[in-house]
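no FASTA, just this:
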């Protein structure tokens, strides 16, 4: 009876790490969480420069950037940092800052 259980126990102990490795591979293949970033689209629309640290990423779906070449935008995207690529989900153009003129300011006084 003991001779029968020994191979079964050995099989269970050897199969455990193999199953753990398989589940780790499946977890790493899941896409990362989408992040929101702001920056400038290149003139050809194929790359994106982040405002915060000036990193440049290649856009995998460059057709989304078609009407935003050279503009400052806010993106929601999946980032593959090890490849230097982003997949854009949504894009919103940032408005330029508006300045309010105060005529009673000291610059307009004589």
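Yep, it's here. Owing to the predicted nature of the structure, the values given are computational and were not obtained by experimental measurement. Numbers count the residues shown, from 1 in each chain.

so residue 5, which of the three states?
Recorded secondary structure, residue 5: helix (DSSP: H, G, I helix; E, B strand; the rest coil).

any chance you could map the helices in this protein?
Applying DSSP state H to the chain gives helices spanning 2-28.

show me where pLDDT drops low in it?
Residues of the chain meeting the criterion pLDDT under 70: 1-3, 9-11, 13, 15-32, 109-110.

one more time with 50
Applying pLDDT under 50 to the chain picks out residues 24-30.

Could I get the contacting residues of the spatially most central residue of it?
Central residue of the chain (Cα atoms, centre = their mean): residue 79, 2.4 Å from the mean position. Neighbouring residues of residue 79 by Cβ atoms under 8 Å, 6 or more residues apart in numbering: 32, 35, 37, 57, 85-86. C-beta here means a position set from N, CA and C on the backbone, and glycine is covered the same way.

What's the ChimeraX line that selects buried ones from these?
A single ChimeraX command suffices to select whichever of these are buried according to 16 or more other Cβ atoms under 10 Å:
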select :37,57,85,86
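
Switch the contacts of residue 79 over to JSON lines; also include distance to residue 97.
JSON lines is the format used below for those (distance: Cβ to Cβ, whole Å):
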{"residue": "32", "distance to residue 97": "32"}
{"residue": "35", "distance to residue 97": "24"}
{"residue": "37", "distance to residue 97": "19"}
{"residue": "57", "distance to residue 97": "25"}
{"residue": "85", "distance to residue 97": "31"}
{"residue": "86", "distance to residue 97": "26"}
